[in-house]
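In: Here is the input, now give the coordinates:
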Amino acid sequence: MDPSFDLLGRLRSVPYIEDHVNNIDKQLTEKRKNNALLNVLLEVPDRVQESVMNRFISALRSSGQEHVANIFRRESDKVPMSDEHCRILTDNIDRLCQFIDPEGGLLNRLVATNVIPAGKGITPHMNW
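Out: Modelled structure (predicted):
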C-alpha cells in the first residue's frame, strides 16, 4: 500500500480514520505509515466497521491502488506484484531495457507507474 498524499487526503473524509490521518502522516517511513493505518483499521468499532472499510477500499481504488483494494475485497483481476517478481525485474533491469523501445515511452510509463522501480540510473521522463 502506498500511503500517498492522495490516499491520505481521501481518508480525511472517512469516519473514524479521519481523526488519525495526521498521526499516520507524521510517521517517518512508508512502512510506519502503513503500520499506523492498519492499526487504526484494527481499532475501528464494530458498529461502523463495514462502512469504514467500504470507504477505505473506495479511497484505495480512487487513489490508483485497486490492486491493494483487491486484497481486502476482490472486484477485479488486478493483483499486486509479488516481491519475487519485483526482484526478478530489478535484477534484470539492464537486460529488460535492451528490449524496450525508449522512443515509444514505454519505459518511462513503467517507471512512472512503479511497475519498474526507479534506480540503476533509470528515472521517469528521461530523455533518451
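In: where in the chain is pLDDT low?
Out: Scanning the chain for pLDDT under 70 picks out 76-82, 97-104, 107, 115-128.
In: go with 80
Out: 71-90, 92-128 (pLDDT under 80).
In: mind listing the strands for it?
Out: Secondary structure of the chain (DSSP state E): no strands located.
In: Domains in it, by residue range?
Out: Domain segmentation of the chain under automatic domain parsing yields 5-72, 81-128.
In: and among the ones you listed, the most buried is which?
Out: domain 5-72 (a mean of 15; mean count of other C-beta atoms under 10 Å). To be clear about C-beta, it is placed using only N, CA and C from the backbone, and glycine gets the same treatment.
In: chain center to it, what's the gap?
Out: 12 Å (C-alpha atoms, centre = their mean, to the nearest Å).
In: what's the span of it, first residue to last?
Out: 21 Å (C-alpha to C-alpha, to the nearest Å).
In: Also stretch 15-26?
Out: End residues of stretch 15-26 are separated by 19 Å (C-alpha to C-alpha).
In: next one: stretch 69-88
Out: 24 Å.
In: With stretch 21-30 instead?
Out: Start-to-end, stretch 21-30 (C-alpha to C-alpha) is 14 Å.
In: How about stretch 44-55?
Out: End residues of stretch 44-55 are separated by 13 Å (C-alpha to C-alpha).
In: got a list of contacts for that stretch?
Out: 13-17, 41, 72-73 (C-beta atoms under 8 Å, 6 or more residues apart in numbering).
In: With stretch 25-42 instead?
Out: Contacts for stretch 25-42 (C-beta under 8 Å, 6+ apart): 1-3, 8, 11, 16-17, 20, 23-24, 52-53, 56.
In: Including distance to Gly105, could the residues you listed go into TSV?
Out: Listed next are those as TSV, based on distance: C-beta to C-beta, whole Å:
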residue	distance to Gly105
Met1	27
Asp2	23
Pro3	28
Leu8	30
Leu11	32
Tyr16	42
Ile17	37
His20	39
Asn23	39
Ile24	34
Val52	39
Met53	37
Phe56	33
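In: what's the farthest-apart pair in those residues?
Out: Greatest spatial distance in those: Asp2 and Tyr16, 21.1 Å, computed using C-beta to C-beta.
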